[in-house]
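> Sequence first, predicted coordinates after that:
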Amino acid sequence: MFLTSTARFRIFRRRKNTRSTSLSQSTRNDLNCLVHSSDPILRKVCRFLHLRVLKSIDLAAFFFQAFDAEMQAFFKLHSRYLADKDSRQDLCVSVTLACRPTGRRFRRLIRIKLWSYDQLPKTADPGALSKLAILKFNGGLGTSIGMSGAKSAFEVKDGMTFLDLIVQQVEHLNKSQAVDVPLLLMTSFNTHEDTLRVIQKYDDHEIKITTFNQSRYPRIFADTLKPCPNHARDEKKHWYPSGHGDLYDSLVRSGVLDRLLADGKEYLFVSNSDNLGAVVDQKILQHMMNTGADFLIEVTNKTEGDAKRGTLMQYDGSLRLLEIAQVPFEHVDDFKSARKFKIFNTNNLWIDLKALRKVMTGGGMELDIIVNPKVTDDGQSIIQVQSISNAARKLSQICTMNRSWKRQQARQ
């Protein structure tokens, strides 16, 4: 439902039990300034649009409120970062990895219950696909492959981009199984326009494609921990996409989660847009339904080429994702070792949408935080604080599926 043009921003509330009170207060003030910097601009837009279409006023107010919601979410994340930084409440990776692989503590860390792919049901109910939707993480740039635009717009073969091939895969699934599985693309402010340019050719196709944006967060200076932008319309270089961990909030905030449930969709298969091997496996979907799992992560055995990829571990009674950015420099070699950490996270996720809605209605998730330090072109040290989508610990039934068996079969 759209908001009226009289909608006002909420003042950021003080987060209880926040240790870094002064920094938190300063950040709150800075974010309020950012939020209100867009106020005069949108008011002018509203007054102009009032002469044209009344509904457009509601649309402008909606974007007005959306930016406020993004800054609220960033403030919560930033406050958690400050609190964890002060209290040193991290994964104690340095201490844990210093233990020998034979040590009791280390064994406890890496002991994870895995389901092997060959343990899955031999048959699957074709009707289960009618309850499924597919989502692709599509917010990343192609800088690692020499691109300035969206990585998913890279031409892989015969003029076909990642996005083109993804659409073909979903169309093939729908046609071969006589179903109507929708495709969702979670974009960012960096990739949204490129994405629309690629998928516009499919407007007259039967496939349902929905795009929605993840949040835009302000970068913060490493020395002062204050936001880099001074204005809501500051250059792109002062902002960063919120990352995979914003999936759950973005699904709720955009209304996509409610629409999926209203359409009878109960499960969501999530993967990276540049992973063309991430296709729907009906056996895994059937396993989700048979076991009542809320959340399933696909993993596979590490090879030399996977040394830097994130892995999973058991910590404080819950399943946690461990990324290389969380590992102290002196233990990076331990992290890369396939002898110590035998599996890596493929970032293929299966989510029970009803369970997700229940968790989000009950206050949402507190996901693990990753801090990415960077240096700008003008030499300034900045920080990007992000959360991890795989660390959905509030979902009670979590499975880990090892697909190495199928991976080996595919190579033969």
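Perfect, I can see it now.

> which SS state does D223 fall under?
Assigned by DSSP: H, G, I helix; E, B strand; the rest coil, the conformation of D223 is coil.

> Likewise for N190?
coil.

> does the nearest residue to it once chain neighbours are set aside have beta-bridge partners, and which?
Spatial nearest neighbour of N190, excluding adjacent residues (CB to CB, 6 or more residues apart in numbering): L141 at 5.5 Å. In this view, the C-beta of every residue, glycine as well, is placed from N, C-alpha and C. For L141, the beta-bridge partners are A150 (DSSP bridges).

> which residues touch L141?
147-151, 190-191 (CB atoms under 8 Å, 6 or more residues apart in numbering).

> what pLDDT does the residue most central in space within the chain get?
Nearest to the geometric centre of the chain sits H244, at 1.5 Å (CA atoms, centre = their mean). pLDDT for H244: 87.

> Please apply the same query to L247.
Predicted confidence (pLDDT) for L247: 93.

> Likewise for G362?
Taking G362 on its own, its pLDDT is 88.

> any idea how far F74 is from it?
22 Å (CB to CB, to the nearest Å).

> Is it possible to get JSON lines of the contacts of L141 that adds neighbour count and distance to L114?
Shown next, in JSON lines, are the contacts of L141 (neighbours: other CB atoms under 10 Å; distance: CB to CB, whole Å):
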{"residue": "M147", "neighbour count": "13", "distance to L114": "36"}
{"residue": "S148", "neighbour count": "9", "distance to L114": "40"}
{"residue": "G149", "neighbour count": "17", "distance to L114": "38"}
{"residue": "A150", "neighbour count": "26", "distance to L114": "34"}
{"residue": "K151", "neighbour count": "23", "distance to L114": "30"}
{"residue": "N190", "neighbour count": "19", "distance to L114": "35"}
{"residue": "T191", "neighbour count": "26", "distance to L114": "33"}
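
> Now flag whichever of these is closest to L321.
K151 (21.4 Å; CB to CB).

> And the closest one, how close does it get to G139?
9 Å.

> overlap in contacts of these two?
Joint contacts of K151 and G139 (CB under 8 Å, 6+ apart) are T191.

> And whichever strand or helix holds M360, what does it pack against?
Following DSSP states H and E, one finds M360 within helix 353-361. Packing partners of helix 353-361 (3 or more CB pairs under 8 Å, 6 or more residues apart in numbering; DSSP states H and E): helix 247-253, helix 256-262, strand 267-272.

> mean pLDDT lowest for which of these?
If you rank those by mean pLDDT, helix 247-253 sits at the bottom with a mean of 93.

> Please compute how far that one lies from its chain's middle.
In this view, helix 247-253 has its centroid 9 Å away from the chain centroid, taken as CA atoms, centre = their mean, to the nearest Å.

> switch to numbering from 28
Sounds good: first residue 28 from here, last item helix 274-280.

> Contact partners for the residue nearest to the centre of the chain?
164, 374, 413-417.

> Got the domain ranges for the protein?
48-114, 120-438 (automatic domain parsing).

> Lowest mean pLDDT across these, which one is that?
The minimum mean pLDDT among the domains of the chain belongs to domain 48-114 (a mean of 64).

> who wins for most neighbours among the contacts of H271?
Greatest neighbour count in the contacts of H271, by other CB atoms under 10 Å, goes to N417: 26 neighbours.

> Doesn't Q341 belong to a helix?
No - under three-state DSSP, Q341 falls outside any helix and is assigned strand.

> isn't it right next to T427, touching?
No - at 10.1 Å, Q341 does not count as touching T427 under the criterion of CB atoms under 8 Å.

> Of the two, which one has the most company?
Remark: of Q341 and T427, T427 carries more neighbours, 18 against 15, as counted by other CB under 10 Å.

> Confirm that one sits in a helix?
No - secondary structure of T427 (three-state DSSP): strand, not part of a helix.

> For the closest residue to M316 other than its chain neighbours, give me its contacts.
Counting by CB to CB, 6+ apart, A155 is the residue found nearest to M316 once chain neighbours are left out, at 6.1 Å. Going by CB under 8 Å, 6+ apart, A155 touches 294, 309, 312-313, 316.

> quick one: which of those residues sit in strands?
Y294 (DSSP state E).

> quick one: which of the contacts of H271 is nearest K381?
S416 (18.2 Å).

> is it fair to say that closest one lies in a helix?
No - per three-state DSSP, S416 lies outside any helix segment and is coil.

> what would the helices and strands packed on helix 380-388 look like in CSV with mean neighbour count and distance to D321?
As requested, the helices and strands packed on helix 380-388 are arranged in CSV below (neighbours: other CB atoms under 10 Å; distance: least, CB to CB, whole Å):
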stretch, mean neighbour count, distance to D321
helix 274-280, 22, 12
helix 283-289, 16, 14
strand 294-299, 22, 10
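
> To M187, which of those lies closest?
strand 294-299 (17.3 Å).

> Okay, now the sheet partners of the closest one, with direction.
Strand 294-299 is paired, per DSSP bridges, with strand 159-164 (parallel), strand 370-379 (antiparallel).

> mind giving me CSV with those and columns for distance to R347?
Formatted as CSV, these follow (distance: least, CB to CB, whole Å):
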stretch, distance to R347
strand 159-164, 20
strand 370-379, 11
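
> who touches R224 in this structure?
A180.

> Would you mind telling me which of the strands paired with strand 294-299 is nearest Q353?
With CB to CB as the criterion, Q353 lies closest to strand 370-379 of the strands paired with strand 294-299, at 12.8 Å.

> so how far is Y108 from F102?
For F102 relative to Y108 (CB to CB), the value is 11 Å.

> tell me the contacts of L223?
T238.

> Let me know the helix or strand that it is in.
Per DSSP H and E, L223 falls inside helix 219-226.

> Tell me, how many residues neighbour R243?
R243: 21 surrounding residues under other CB under 10 Å.

> Pop out the phi and psi values for it.
phi -110, psi 120 (degrees, to the nearest 10).
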